[in-house]
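Chemist: I'll drop the sequence and a predicted model, then ask my questions.
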Amino acid sequence: MKIIGAGFGRSGTMSIKAALDQLGAGPCYHMKITLKRYHHLHFFLQAWRGKKVNWKRFFKRYQSVVDWPSCSFYKELMTEFPDAKILLNVRDPGEWYNSMAETIWAIQPAFPWWFPRIYRRIHDEIIWNGNLKGVFEDREKTIAVYREWIEEVKRTVPAERLLVYHVREGWKPLCDFLEMPVPEGKPFPHINERKSFKRVIRMLKVMNWLVPLLFLSVIIGLIYFFDLKDLL
């Protein structure tokens, strides 16, 4: 493990993941990976609930981690991987809140009722009621929580092991921190996921009524089938 991301999601983590992968500091683990693997969701919930987990085995294929839920465990990870450097990805607090409200927060009510509960739990327990202390609907309180997290990381991580970084700074500070050359002729990846989130939200809303409709159609079809069978 080379890099442990300690900053919250929606602060440039997809761009940082792409950058780290390009620099050879990957594969980089991101929440997008978590959400595609049920056992990963279960693993992080177990860790959050205080159960003993094997971080080294879990991350054996990865050289870096960013975003939730990994950032919630940066203290455990920096102890488990003492040679890893800590990347505190930051963003303007107001911009960060707006981005959270339009993406991760907005997607919650769109989850269909029949969706596995573990998807809600990973967000509710670790993000909304955990790191963000259950106050997300209050903008000012949430921004205060965000600022305090940043200050806590700065107090916790030795200065020589920490980089406080905004993706607008581009390659140089990141490459200097990793002691790697700046990629020649390659622009720094800037990935904006808001449009992607909006597409997913629309899709989930359609699924909310489409699946029950399909289920109802099957039931009606079976009723007609057995009625017709009786008539024959």
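Modeler: It's in. Quantities reported herein were computed from a predicted structural model and do not represent experimental measurements.
Chemist: CA atoms for contacts and neighbours, from now on please.
Modeler: Will do.
Chemist: any idea where the helices of this structure begin and end?
Modeler: 13-23, 31-34, 38-48, 55-58, 74-80, 93-102, 104-107, 117-121, 139-156, 171-178, 194-231 (DSSP state H).
Chemist: Point out the other helices and strands that the fifth one packs with.
Modeler: Contacts of helix 74-80 with other secondary structure elements, assessed using 3 or more Cα pairs under 8 Å, 6 or more residues apart in numbering; DSSP states H and E, are made with strand 3-5, helix 55-58.
Chemist: Of all the residues in stretch 93-101, which ones are buried?
Modeler: Using 16 or more other Cα atoms under 10 Å as the test for burial, stretch 93-101 gives 93, 96, 97, 99, 100.
Chemist: ugh, typo on my part, it should be stretch 68-85
Modeler: Those would be 68-75, 77-78, 81, 84-85, for stretch 68-85 by 16+ other Cα under 10 Å.
Chemist: circling back to that earlier point, deepest of the helices and strands packed on helix 74-80, which one?
Modeler: Neighbour counts (mean count of other Cα atoms under 10 Å) averaged over each of the helices and strands packed on helix 74-80 peak at strand 3-5, with a mean of 27.
Chemist: what's the span of stretch 40-57, first residue to last?
Modeler: Stretch 40-57 has an end-to-end distance of 12 Å (Cα to Cα, to the nearest Å).
Chemist: which outside residues touch that stretch?
Modeler: With Cα atoms under 8 Å, 6 or more residues apart in numbering as the test, stretch 40-57 has contacts from 34, 35, 69, 77, 80, 118, 119, 121, 122, 125, 126.
Chemist: again, 7 Å this time
Modeler: With Cα atoms under 7 Å, 6 or more residues apart in numbering as the test, stretch 40-57 has contacts from 34, 35, 122.
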